[in-house]
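In: here is my input; please provide its structure:
(chains A and B)
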Amino acid sequence: GAVVSQHPSWVICKSGTSVKIECRSLDFQATTMFWYRQFPKQSLMLMATSNEGSKATYEQGVEKDKFLINHASLTLSTLTVTSAHPEDSSFYICSTMGLVTEQYFGPGTRLTVT
Amino acid sequence: TQLLEQSPQFLSIQEGENLTVYCNSSSVFSSLQWYRQEPGEGPVLLVTVVTGGEVKKLKRLTFQFGDARKDSSLHITAAQPGDTGLYLCAGATGGGSNYKLTFGKGTLLTVNP
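Out: Prediction:
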């Protein structure tokens, strides 16, 4: 399967600050990447679909101005949580789409907002 | 909105027992994927089933896709402590820019030695 990395693996920030999370596809070019959020003991919830060279497609209820997604190259997508609040604390996971519509996930980024 | 009902949500069994996890939906999926997730890590793909009625085996794990492509099951034979983890099913819909995966709520499996 594809190899996906995320950076950082965990981050603690103060309320009101912004945090950028990087997602890299290491072994193939990904025109589409996905961003998920997972709260403790819950499943993954799709936040947005990141398309290389175009605007991201956000799921209903996800604020596009708060969760800024940039997919500037075929190997890198970034998610910026702007003006973070404690309720944004969560496990953020990205994925890339391989062949036969399989998705390969990154290791996740644990965000804690104090 | 596609919903994928996964059951049971929690399962605690003894080593050597068999178990089955179910995913059911009223929606048709183009494919269905099973993942396993360890705490603090991203999900790892176990298998993808595409054809209605398809059965795939991965050592002691057997995956089945329903004939109508609305449901799926995961059966583990002779469970071992190393099988402990969160098992997630995910149904794929759409194509191109409309493609998305909808995840079930997961089954947290604990296999006791």
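In: let me know the helix or strand that the nearest residue to A:I12 once chain neighbours are set aside is in.
Out: Nearest residue to A:I12, sequence neighbours excluded (CB to CB, 6 or more residues apart in numbering or on different chains): A:T112, at 4.7 Å. In short, each C-beta sits where N, CA and C put it, glycine included. Element membership for A:T112 (DSSP states H and E) is strand A:109-113.
In: returning to what we had before: what's the neighbour count on the residue nearest to A:I12?
Out: 13 (other CB atoms under 10 Å in any protein chain shown).
In: buried residues in the strand holding A:T112?
Out: A:109, A:111, A:113 (16 or more other CB atoms under 10 Å in any protein chain shown).
In: I'd say the residue nearest to A:I12 and A:S89 touch.
Out: Yes. Shown here, A:T112 and A:S89 form a contact pair, counting by CB atoms under 8 Å, at 5.1 Å.
In: residues in chain B within reach of chain A, list them.
Out: Within chain B, the positions adjacent to chain A are B:30-31, B:33, B:35, B:40-45, B:48, B:50, B:88, B:90, B:92, B:95, B:97, B:99-106, B:108 by CB under 8 Å from any CB of the partner chain.
In: pull out the buried residues from these.
Out: B:31, B:33, B:35, B:41-43, B:45, B:48, B:50, B:88, B:90, B:92, B:99-106, B:108.
In: and the pLDDT for residue 98?
Out: Since no chain was named, I'll use chain A. pLDDT for A:G98: 64.
In: hmm, no, I was thinking of chain B.
Out: 77.
In: also A:G1?
Out: 67.
In: I'd guessed B:C23 sits against B:P8; true?
Out: No. Contact criterion CB under 8 Å: B:C23 and B:P8 do not qualify, at 11.4 Å.
In: more crowded one of the two?
Out: Applying other CB under 10 Å to B:C23 and B:P8 shows that B:C23 carries more neighbours, namely 27 against 13.
In: hmm, stretch A:27-35 in reach of chain B?
Out: Yes. Stretch A:27-35 reaches chain B (CB under 8 Å from any CB) through A:32, A:34.
In: end to end on that stretch, go ahead and measure it.
Out: Terminal residues of stretch A:27-35 are spaced 19 Å apart (CA to CA, to the nearest Å).
In: keeping just the C-alphas, turn the longest strand seen in chain B into PDB.
Out: Counting by DSSP state E, the longest strand found in chain B is strand B:85-93. Output of strand B:85-93 as PDB, limited to C-alpha atoms (Å, rounded to 0.1, in the frame of the first residue of the first chain):
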ATOM      1  CA  GLY B  85      -7.800  -3.400  18.200                       C
ATOM      2  CA  LEU B  86     -10.400  -1.200  16.600                       C
ATOM      3  CA  TYR B  87     -11.900  -2.700  13.500                       C
ATOM      4  CA  LEU B  88     -13.600  -0.200  11.100                       C
ATOM      5  CA  CYS B  89     -15.700  -0.900   8.000                       C
ATOM      6  CA  ALA B  90     -16.000   1.800   5.300                       C
ATOM      7  CA  GLY B  91     -18.200   2.000   2.300                       C
ATOM      8  CA  ALA B  92     -17.200   3.800  -0.900                       C
ATOM      9  CA  THR B  93     -19.600   5.800  -3.000                       C
END
